[in-house]
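K.L.:
here is my input; please provide its structure:
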Amino acid sequence: MQANLTQELLAREIGVTRASVTNIEKGVQAPPPYRLVRIATALSVEPAELLPPLRVLAPRMTCLRAG
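P.N.:
Sure, this is the predicted structure:
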């Protein structure tokens, strides 16, 4: 995703440091939900578009013992 914003401008708009934006981009730091909304608003996207895709896990097989 590209929004023609520098990290510095995005940081100012959402109220964090440029270093925090870098860490969020790298996945080192996860923003709290309210900040995710601010980032999405600044980028003109839905917050869900900033989240990684969910993995679908196979159902677990369970063994039932006759009692």
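K.L.:
got a list of contacts for the helix or strand hosting Ile24?
P.N.:
For Ile24, the host element (DSSP states H and E) is helix 18-26. Residues from elsewhere that reach helix 18-26 (Cβ atoms under 8 Å, 6 or more residues apart in numbering): Gln7, Glu8, Leu10, Ala11, Ile14, Gln29, Ala30, Pro31, Ile39. All C-beta spots, glycine's among them, are computed from the backbone N, C-alpha and C.
K.L.:
grab the nearest non-local neighbour of the residue nearest the centre of the chain.
P.N.:
Nearest residue to the geometric centre of the chain (Cα atoms, centre = their mean): Leu51, 4.2 Å. Closest residue to Leu51 apart from its sequence neighbours, by Cβ to Cβ, 6 or more residues apart in numbering: Leu36 at 7.9 Å.
K.L.:
kindly state the pLDDT recorded for the one you found?
P.N.:
pLDDT for Leu36: 97.
K.L.:
same thing with Ala40?
P.N.:
For Ala40, the model assigns a pLDDT of 97.
K.L.:
in three-state terms, label it for me.
P.N.:
What DSSP: H, G, I helix; E, B strand; the rest coil gives for Ala40 is helix.
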